[in-house]
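1. I'll drop the sequence and a predicted model, then ask my questions.
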Amino acid sequence: MTAREGVSKPQTCVAQTGAGVIALAPVDQPWADRLGPVDTALPPPVLRHCRLHPRDPPPPSAIRPFFTPVPVRPFPTRPSRPPPIPSLFSKLLSLTPTTAVPHSPAPPPPSPATMARTFFVGGNWKCNGTKDSIATLCSTWKESGAGVAGGPVEVVIAPPSVYAVSAAASLPDGYQVSLQNTWTGKGGAFTGELSAEMAKDCGINWVILGHSERRHIPTIAESDETVATKVAYALGAGLKVIACIGEQLEEREAGNTNAVNERQLAAIAAKVTDWTNVVIAYEPVWAIGTGKVATPDQAQEVHAALRAWLSANVSPSVASSVRILYGGSVSAKNCNELAGKEDVDGFLVGGASLKPEFTAIVDSHKHAKVPVSA
Ligand SMILES: O=C[C@H](O)COP(=O)(O)O
């Protein structure tokens, strides 16, 4: 049944967030589109559960008086995760709170145990390499027995685009190839750009978008909005996306780590409806290329917060299934301990992906705590 079938005005829907708050509003408002099944336990007029999302526009002022915050049982979460952070939703609720109504809690999300996340290791070669160095590296990897075809880990290498097709033929079995960037839309008069369609045409199925170097190098300076537009377009064109987010050192020191990451993620969430082909890479900018890796606890803390944000603002199902990678000075020495953290589903590796030790990082999937699916 769609949102409006069988619904006559005025009616009310119930929205529940991961923070355990519901709000009431007429169902004929655009932001109330994601209605669930009729809940007969709820009082008349007919009430339905729905989930608010940050892409929903603010409600028209005429309906603000209908918003009613009601404490309810929070969604079940894994014990080690902090409570969800419903920052955008809290703003909506603060408009005009009135009174509480009885209700039934939303059904619980799928158990994490049923939502296995295949370990993922990405190698981002950035603007490095020559035909010769790539041939040598690939030979070294192959001689060391690398190869992941059909295995419990997914490996994706992002060479500079001019080498992407030739590198694909040289890589170990099962290693996939990614671009490091694509254009915001379809091809055309955009000198120097590559479209998602061109990647597909060349048999390349992945793209890295929103890398911190593209966000923060002043002559590139991609905004949250640009990154989100690229992510949505690439997905629509059939690519899989490694979407990067991460805070800068001064933002972490100011206590804004979660706020910055949530802002970047919210921009993407506002344009993405299907997360099946999205992998999130959390890369603290202060750890990239510096040799200063985040501690396993620091990485886990942010990954857990991101998963909680996804649960509250997208869906518990997406939060349980989306892979969240860590990136920033990952090496053969530190990868196993990082891989052992519950919410670390793999890595996006820069410098070490240009070295023989990369295969040891691939092997760190053996230390992963998350159940894997081949
Ligand atoms: O995309 C990869 C990240 O920027 C990490 O680079 P890094 O491993 O050299 O620190």
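-> Perfect, thanks for sending it.
2. In the chain, what residue lies closest to the ligand?
-> Nearest residue of the chain to the ligand, counting by Cβ to the nearest ligand atom: Gly350, 2.2 Å away. All C-beta spots, glycine's among them, are computed from the backbone N, C-alpha and C.
3. Close to the ligand: what parts of the chain are there?
-> Within the chain, the positions lying close to the ligand (Cβ under 6 Å from any ligand atom) are 124, 211, 283, 288-289, 327-330, 348-352.
4. Tell me the buried residues within the residues you listed.
-> 124, 211, 283, 288, 327-330, 348-352 (16 or more other Cβ atoms under 10 Å).
5. Find the pair from those with maximum spatial separation.
-> Maximum pairwise distance among these (Cβ to Cβ): 16.1 Å, between His211 and Ala352.
6. Show me the helices in this protein, by range?
-> Here the chain has its helices, by DSSP state H, at 87-93, 131-143, 161-170, 196-201, 212-216, 224-236, 249-253, 257-269, 296-313, 316-321, 335-339, 358-363.
7. Including mean neighbour count, could those go into CSV?
-> Output for the helices of the chain, formatted as CSV (neighbours: other Cβ atoms under 10 Å):
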stretch, mean neighbour count
helix 87-93, 19
helix 131-143, 15
helix 161-170, 16
helix 196-201, 18
helix 212-216, 19
helix 224-236, 21
helix 249-253, 14
helix 257-269, 20
helix 296-313, 22
helix 316-321, 21
helix 335-339, 22
helix 358-363, 23
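8. Kindly reformat these as TSV and extend each row with mean pLDDT and distance to Thr184.
-> Shown next, in TSV, are the helices of the chain (pLDDT from 0 to 100; distance: least, Cβ to Cβ, whole Å):
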stretch	mean pLDDT	distance to Thr184
helix 87-93	35	24
helix 131-143	97	28
helix 161-170	97	16
helix 196-201	98	10
helix 212-216	98	12
helix 224-236	98	5
helix 249-253	97	25
helix 257-269	98	13
helix 296-313	98	24
helix 316-321	97	24
helix 335-339	98	33
helix 358-363	97	31
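9. possible to save those helices as TSV with distance to Gly151?
-> Output for those, formatted as TSV (distance: least, Cβ to Cβ, whole Å):
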stretch	distance to Gly151
helix 87-93	39
helix 131-143	14
helix 161-170	18
helix 196-201	24
helix 212-216	29
helix 224-236	25
helix 249-253	35
helix 257-269	29
helix 296-313	23
helix 316-321	20
helix 335-339	15
helix 358-363	9
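10. Trp275: which of the ones you listed is closest?
-> If we rank the helices of the chain by Cβ to Cβ, the stretch that ends up nearest is helix 316-321, at 4.6 Å.
11. so what secondary structure elements neighbour the closest one?
-> Where contact means 3 or more Cβ pairs under 8 Å, 6 or more residues apart in numbering; DSSP states H and E, helix 316-321 is packed against helix 296-313.
12. which helices and strands does the helix it packs on pack with?
-> Packing contacts for helix 296-313, counted by 3+ Cβ pairs under 8 Å, 6+ apart, involve helix 87-93, helix 257-269, strand 278-282, helix 316-321, strand 323-327, helix 335-339.
13. rerun that using 7 Å as the cut-off
-> Contacts defined by 3 or more Cβ pairs under 7 Å, 6 or more residues apart in numbering; DSSP states H and E place helix 296-313 against helix 257-269, strand 278-282, helix 316-321, strand 323-327, helix 335-339.
14. Note down every partner strand of the fourth one and its orientation.
-> Based on DSSP bridges, the pairing partners of strand 323-327 within the sheet are strand 278-282 (parallel), strand 346-349 (parallel).
15. how about the closest residue to Glu357 other than its chain neighbours, what does it touch?
-> Using Cβ to Cβ, 6 or more residues apart in numbering and skipping residues adjacent in sequence, the residue nearest Glu357 is Ala332, 4.0 Å away. Listed by Cβ atoms under 7 Å, 6 or more residues apart in numbering, the contact partners of Ala332 are 352, 357, 360-361.
16. Most widely separated two among the residues you listed?
-> Farthest pair in the contacts of Ala332, by Cβ to Cβ: Ala352 and Ala360, 8.8 Å.
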